[in-house]
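J.: coordinates only, sequence not included:
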């Protein structure tokens, strides 16, 4: 139940990102559900590999390069899905920042709704 709630809220967060920022377009709630799933998969599988490969650059930039990796992941999801569109790298960067902030709030809310025993 916790995972389903988090998934639905993250799909809503994608719709919020599209509403707040014109550089990101989500066509429907179904597209947002699929995009949230794909973003989760990319963040689970591809992002750790990218972080590991770019570790020297990340250390040199004091971790700021992680924002670029998040933007590239967000942009990759948009390129894979017809219902999610991102208008360039800067739109992906801003969209991923808003989505990440929403994700942090959602994580706190879900943990309070479903506390661990």
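T.: Perfect, I can see it now. Everything quoted here is computed from the prediction, not taken from an experiment. Residues are numbered from 1 along each chain as shown.
J.: ok, which stretches of this structure are strands?
T.: If DSSP state E is used as the criterion, the strands of the chain fall at 24-26, 84-86.
J.: low-confidence ranges in the protein?
T.: 117 (pLDDT under 70).
J.: make it 90
T.: Screening the chain residue by residue with the criterion pLDDT under 90, one finds the ranges 1-2, 114-117.
J.: can I get the strands of the chain in a markdown table with distance to residue 8?
T.: C-betas here are computed from N, CA, C, even on glycine. Rendered in a markdown table, the data for the strands of the chain read as follows (distance: least, Cβ to Cβ, whole Å):
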| stretch | distance to residue 8 |
| --- | --- |
| strand 24-26 | 14 |
| strand 84-86 | 17 |
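J.: any chance of those in TSV, plus mean neighbour count?
T.: Rendered in TSV, the data for the strands of the chain read as follows (neighbours: other Cβ atoms under 10 Å):
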stretch	mean neighbour count
strand 24-26	22
strand 84-86	22
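J.: who wins for proximity to residue 47 among those strands?
T.: The closest approach between residue 47 and any of the strands of the chain, judged by Cβ to Cβ, belongs to strand 84-86 at 16.6 Å.
J.: now for that closest one, which elements pack on it?
T.: Using 3 or more Cβ pairs under 8 Å, 6 or more residues apart in numbering; DSSP states H and E as the contact definition, the elements that strand 84-86 packs against are strand 24-26, helix 29-53, helix 65-80.
J.: go with 7 Å
T.: strand 24-26, helix 65-80 (3 or more Cβ pairs under 7 Å, 6 or more residues apart in numbering; DSSP states H and E).
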